[in-house]
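Undergrad: Just the structure for this:
(one chain, ligands or ions: 1)
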Amino acid sequence: MPLPSVSQFGALQCKAKCKSTGVRCLNPAAFSMPVCRYHGARRPETILKGPDHPNYQSGLETLAAKRDRSTHAAEIRELENLLLVLGMVPPQTKMKHGRKPMGKARPETIALLQHAQELAAEG
Ligand SMILES: [Zn+2]
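TA: The predicted model follows:
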């Protein structure tokens with residue numbers, strides 16, 4: 001049976017359900033939250049992020065750092081691919097680790113190459 005604040009006075013009831021029984025939590029929800037304090041209600045401004053978080057170490061593994069690293073790796077792959085397509089890679093050259101592009105270029109790269117060749121042919 002829910003608390004009187006929920007059953008009689010219209011307070012929002014926690015939306016959490018028990019995993020094993022499926023019974024809904026009877027507690028009132030926290031202020032401006034869909035769940036009660038036992039089920040994870042927390043004001044966003046109290047959540048520590050970035051350098052303020054106790055587990056923060058160096059900032060090298062933040063989402064932004066990972067995104068930058070992925071972008072740079074994609075650029076290096078594209079440059080290697082371009083070198084392979086142009087035949088500018090000498091044999092037994094150490095390439096970047098991982099799956100190789102096998103000398104195939106993306107359609108955008110091929111179009112860029114064709115445009116550069118047309119410009120070179122014009123003078
Ligand atoms: Zn709850």
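
Undergrad: With adjacent residues omitted, what lies nearest to residue 110?
TA: residue 85 (7.8 Å; C-beta to C-beta, 6 or more residues apart in numbering). Where you see a C-beta, it was placed from the backbone N, CA and C, and this is true even at glycine.

Undergrad: Please report the distance of that neighbour from residue 95.
TA: Distance, residue 85 to residue 95, using C-beta to C-beta, to the nearest Å: 13 Å.

Undergrad: With neighbour numbers in mind, choose between those two.
TA: residue 85 (17 against 13; other C-beta atoms under 10 Å).

Undergrad: sorry, back to before: how about the helix or strand hosting the residue nearest to residue 110: buried residues?
TA: Using DSSP states H and E, residue 85 maps to helix 63-86. For helix 63-86, the neighbour count (16 or more other C-beta atoms under 10 Å) marks 77, 80-85 as buried.

Undergrad: Looking at those residues, which two lie furthest apart in space?
TA: Pairwise distances across these peak at 12.4 Å for 77 and 85 (criterion: C-beta to C-beta).
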